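> Kindly generate the corresponding structure for this input.
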Amino acid sequence: MLQVIPYAALIFMVFCIVALLLAPNLFRPSIEATRIFEIAKSTRPDVRTIGSKERIRDRVMSLAGSLRARLGLADNPQLKARMLAAGIRRGRGMDVFFASQFATPILAAIAASFIGSNTVFWMFACGMLGYLVPDIWLTQKTKRRRNRIRRSLPDAIDLMVICVDAGLGLDQALLRVGVELAVSHPEINEEFTQVNLEQRAGKPRLEAWQSLADRTKIEEFAAFVNMLTQTDRFGTPIIRALSRFSEEIRSKRRQRAEEAAAKTKIKIIFPLVLCIFPCIFIVLLAPAILSIASGLESVGQ
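Numbers count the residues shown, from 1 in each chain. Okay, the predicted model is just below:
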């Protein structure tokens with residue numbers, strides 16, 4: 001019973017630290033409340049009485065902020081860009097990532113402490129692995145989402161060509177394409193919706209598309225931004241530029257498929273050598289080896 005008390009105390013400490021890391025999101029006011037506060041706020045001094053609930057919330061928020069600053073878990077622009085590239089746009093995702101990055105090594109070390117032999121080494125190794133797990137997960141999630149967007153981009157450009165050819169403007173075509181691809185390609189719909197929201201907020205079209213290219217880090221989007229810039233500068237018809245860009249994307253995807261098919265010839269060598277050739281040798285040489293062994297045995301007798 002006495003051996004369980006240190007583990008229980010450590011688990012309780014981890015729970016308290018994780019709760020403090022998540023406190024900025026749990027006690028954060030809603031978007032509507034924030035807007036109402038910005039509209040109704042004034043420069044007059046606040047003479048109202050502050051309740052105990054607000055005092056506790058302010059203390060918890062300040063304690064959580066100081067804890068995150070001391071641990072180096074403050075807001076990081078590069079991490080925020082990675083979260084946006086992975087499709088995580090909620091403020092809660094940042095707090096959950098911070099909490100998992102802090103709690104996973106501790107939990108992994110606690111689990112490794114039950115190993116009987118060489119406990120210190122396994123605790124250290126599992127702690128380091130637990131610290132890297134959230135970052136690896138975020139990287140893999142970003143790569144998978146980027147590949148899905150890259151695969152859906154030719155279809156999106158073709159639909160955009162059809163919409164612009166039918167008489168819609170580029171912004172209206174963007175919304176239409178996002179609606180049409182919302183089920184089959186939700187990632188491209190999210191990015192197009194973000195571009196539309198940025199344009200509604202007052203950002204110019206080229207800057208909104210440039211932010212999309214910077215956020216996703218996809219070569220096709222960077223080429224699309226360059227195409228829009230040249231079209232706007234030289235006055236080229238947008239339908240002609242979109243048609244040509246769609247053909248280029250199709251040819252690039254075909255070349256990428258041919259490259260992947262060419263690589264399979266080299267990749268198939270290893271399973272052939274390690275798995276298939278030994279079985280063929282056994283089937284072909286085993287009868288001859290058995291007959292030779294039986295012949296040598298009869299000669300020896």
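
> From residue 81, how far out is residue 261?
Computed as C-beta to C-beta, to the nearest Å, the residue 261 to residue 81 distance reads 34 Å. (Glycine included, C-beta is placed from N, CA and C.)

> what does residue 144 give?
Relative to residue 81, and taking C-beta to C-beta, residue 144 is found at 17 Å.

> now the helices for this protein?
For the chain, the helices defined by DSSP state H cover 4-26, 31-40, 52-70, 77-85, 91-112, 119-165, 170-180, 186-200, 205-216, 219-234, 238-267, 269-271, 277-300.

> tally of neighbours for residue 210?
Around residue 210 sit 18 other residues, with neighbours defined as other C-beta atoms under 10 Å.

> same deal with the one 10 residues further on?
Around residue 220 there are 20 other residues, counting by other C-beta under 10 Å.

> Chain neighbours aside, what residue packs nearest to it?
For residue 220, the nearest residue in space outside its immediate sequence neighbours is residue 153; the separation is 5.2 Å by C-beta to C-beta, 6 or more residues apart in numbering.

> tally of neighbours for the one you found?
22.

> again with residue 98
In terms of burial, residue 98 registers 24 neighbours under the definition other C-beta under 10 Å.

> so where's the stretch 101-250 of the chain shaky on pLDDT?
Per-residue confidence for the stretch 101-250 of the chain (pLDDT under 70) gives no ranges below the cut-off.

> how far away is residue 138 from residue 152?
Here residue 138 is placed at a distance of 21 Å from residue 152 (C-beta to C-beta).

> quick one, what contacts residue 85?
The neighbours of residue 85, taking C-beta atoms under 8 Å, 6 or more residues apart in numbering as the test, are 142, 145-146, 215-217.

> who wins for most neighbours among these?
Neighbour counts for those, by other C-beta under 10 Å, peak at residue 216, which reaches 23 neighbours.

> wait, that residue sits on residue 191?
Yes - with contact defined as C-beta atoms under 8 Å, residue 216 reaches residue 191; the gap is 6.6 Å.

> what touches both of the two?
Both residue 216 and residue 191 are contacted by residue 149, under the criterion C-beta under 8 Å, 6+ apart.

> Got phi/psi on residue 88?
As for residue 88, its main-chain torsions (degrees, to the nearest 10) stand at phi -100, psi 100.

> For stretch 164-173, buried residues please.
For stretch 164-173, burial by neighbour count (16 or more other C-beta atoms under 10 Å) applies to 164, 168, 170, 173.

> would you list those in JSON lines and tack on distance to residue 204?
As requested, the buried residues of stretch 164-173 are exported to JSON lines (distance: C-beta to C-beta, whole Å):
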{"residue": "164", "distance to residue 204": "19"}
{"residue": "168", "distance to residue 204": "20"}
{"residue": "170", "distance to residue 204": "13"}
{"residue": "173", "distance to residue 204": "18"}
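
> which of these lies closest to residue 201?
Distance to residue 201 across the buried residues of stretch 164-173 (C-beta to C-beta) is lowest for residue 170, with 17.4 Å.

> What residues does the closest one make contact with?
Contacts here follow C-beta under 8 Å, 6+ apart; on that basis residue 170 touches 160, 164, 205, 238.

> Let's see that with 6 Å instead.
Applying C-beta atoms under 6 Å, 6 or more residues apart in numbering to residue 170 gives no contacts.

> now stretch 195-213, how far from the chain's geometric center?
On the basis of C-alpha atoms, centre = their mean, to the nearest Å, the separation between the geometric centre of stretch 195-213 and that of its chain is 21 Å.

> Extract the C-alpha set from it and format it as CSV.
What follows is the C-alpha trace of stretch 195-213 in CSV, where atoms were taken according to Å, rounded to 0.1, in the frame of the first residue of the first chain:
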residue,chain,number,x,y,z
VAL,A,195,-9.5,32.3,-48.5
ASN,A,196,-13.0,33.6,-48.9
LEU,A,197,-13.2,34.7,-45.3
GLU,A,198,-9.9,36.6,-45.5
GLN,A,199,-11.1,38.4,-48.6
ARG,A,200,-14.3,39.4,-46.9
ALA,A,201,-12.3,40.7,-44.0
GLY,A,202,-10.6,43.1,-46.4
LYS,A,203,-7.4,41.3,-47.5
PRO,A,204,-6.6,41.6,-51.2
ARG,A,205,-7.1,38.6,-53.4
LEU,A,206,-3.4,38.0,-54.1
GLU,A,207,-2.5,38.3,-50.5
ALA,A,208,-5.2,35.8,-49.5
TRP,A,209,-3.9,33.3,-52.0
GLN,A,210,-0.3,33.9,-51.0
SER,A,211,-1.2,33.2,-47.4
LEU,A,212,-2.9,29.9,-48.6
ALA,A,213,0.4,29.0,-50.4
